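[1] quick one: sequence and predicted model below, then my questions.
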Amino acid sequence: MKTILFDDIGSFPLPDGMKKAKMERLIAKRKSEAVTIIEDTMQLKLNSGVEIANYPQFLSMIDQFLKPIMDSKRCEEPFLIREDEARIEELEILEPFASNYMDKTGERLKVRVCVTGPAELYRFKFGDRIYEDLLENLSRSIDRFIKRAVEFSPYFDVRTVSLDEPSLGIVPFADEMVDALNTAAEYANRAGIDVQIHLHTPILYDTICKVDNINIIGIESAANPEYLKLIDPDLLKRYGKFLRVGVARTDLFRMGAEFNEAHDTNVFQDERDLEKLVDDLISPQIVFENLKNAYEIFGDLIKYAGPDCGLGSWKSQRIASKLLGNVRRGMEEFDLYRT
């Protein structure tokens, strides 16, 4: 019986009173305040039971990768970043934390590394017109961010990397993007690391099956259970692919509207209501049922499970941690159910 691993997508609320723009400035300067926030947030994820926690993502998913790739001083060719410059700042800030973790536990810190995928970055910069040489260099740059993330420190155990591609299936897909995704995931696949792709819709999952270097397809199935019906388990088996399924909703504003209508309140004005929303809509029992439903369809093709998406919009670290804790308890109930 294979274990389904609990990971998270990455983004997380900032502490009360901290603004995103200020946090970005603090990270850029490696200020001690930023270090403390990133370390404390990683500890919150671990305390909540996340097995393979993504480094806390507070920076823009576009700017943190595209800005250095566009900086000619950091590149060896247009849009091809030098390997020594391909830094994921929030991950590298965590190195002392990982070192302390290893001292305490005797084990390297298991992490998930999320990078914004080449399709998302390319479309943001160039739209739908394909310049193959630039797309190739941009994809190689993403590969270099992954390579450095895996190799720069002896204290991390990178268990999985994820290409974040929220627009795939929503905007037109160019055939060249298959090659771009393969290039971006080349190092990770060669290193034997699970490569996920995080999609907001599974419409193109059959195309992603043809990307040799990606072996895990992520589905936001808690908010959209019908997405599971779009996926053919036999096709996954034919291509040797697995799934990461969402078992906890993260669409806060839609849930908030449902909660407000049911309780005649404004959930965003009182954190106690947000806590009740989590208990009502993301309880351990609901997480268990979501995972059970997905497992009845896909069985051991499910390799990872967790929240649908990131939690950056949730505002409160305490409530986001509660959500993660409910996922942990729901997955533990599922483990007991299977045994």
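    Ah, there it is.
[2] now do the buried residues in stretch 209-225.
    209, 211, 213-224 (16 or more other Cβ atoms under 10 Å). Every C-beta, even on glycine, is put in place using the N, C-alpha and C of the backbone.
[3] and if you look at stretch 154-163?
    Neighbour-count burial for stretch 154-163, with 16+ other Cβ under 10 Å as criterion, is recorded at 155, 156, 158, 159, 160, 161, 162, 163.
[4] cool, and stretch 288-303?
    Neighbour-count burial for stretch 288-303 [16+ other Cβ under 10 Å]: 288, 289, 290, 291, 294, 295, 298, 301, 302, 303.
[5] among those residues, name the ones in strands.
    302, 303 (DSSP state E).
[6] just the ones of the buried residues of stretch 154-163 in strands?
    Using DSSP E, the buried residues of stretch 154-163 in strands are 156, 158, 159, 160, 161, 162, 163.
[7] pick the one among the residues you listed closest to residue 263.
    Here the nearest of those to residue 263, counting by Cβ to Cβ, is residue 162; it sits at 35.2 Å.
[8] surely residue 221 is in contact with residue 295?
    No. Assessed by Cβ atoms under 8 Å, residue 221 is found out of contact with residue 295, at 11.5 Å.
[9] reformat the buried residues of stretch 154-163 as TSV; add distance to residue 317 and pLDDT.
    What follows is those, written out as TSV (distance: Cβ to Cβ, whole Å; pLDDT from 0 to 100):
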residue	distance to residue 317	pLDDT
155	24	98
156	23	98
158	24	98
159	24	98
160	24	98
161	25	98
162	22	98
163	27	98
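[10] which of those residues sit farthest apart?
    Taking Cβ to Cβ as the measure, the buried residues of stretch 154-163 span a maximum distance of 24.0 Å, between 155 and 163.
[11] just for the stretch 201-339 of the chain, where's the confidence low?
    For the stretch 201-339 of the chain, not a single residue meets the criterion pLDDT under 70.
[12] can you show me the helices along it?
    Assigned by DSSP state H, counting those that start in this stretch, the stretch 201-339 of the chain shows helices spanning 205-208, 233-239, 252-263, 271-281, 284-298, 317-338.
[13] what's the closest of those to residue 55?
    helix 317-338 (14.9 Å).
[14] in the closest one, which residues are buried?
    Residues of helix 317-338 classed as buried by neighbour count (16+ other Cβ under 10 Å): 317, 319-331, 333-334.
[15] closest to residue 120 out of the residues you listed?
    residue 320 (23.5 Å).
[16] wait, that closest one sits on residue 311?
    Yes. Contact status for residue 320 versus residue 311: in contact at 4.3 Å, counting by Cβ under 8 Å.
[17] for residue 138, give me its contacts.
    By Cβ atoms under 8 Å, 6 or more residues apart in numbering, the contact list for residue 138 reads 69, 79, 80, 118, 121, 122, 180.
[18] hmm, 10 Å instead?
    Neighbour list for residue 138: 65-66, 69-70, 78-81, 117-119, 121-122, 125-126, 131, 180, 183-184 [criterion: Cβ atoms under 10 Å, 6 or more residues apart in numbering].
[19] got it, and residue 4?
    By Cβ under 10 Å, 6+ apart, the residues touching residue 4 are 51, 243-245, 247, 291, 294-295, 300, 302-306, 331, 334-335, 338.
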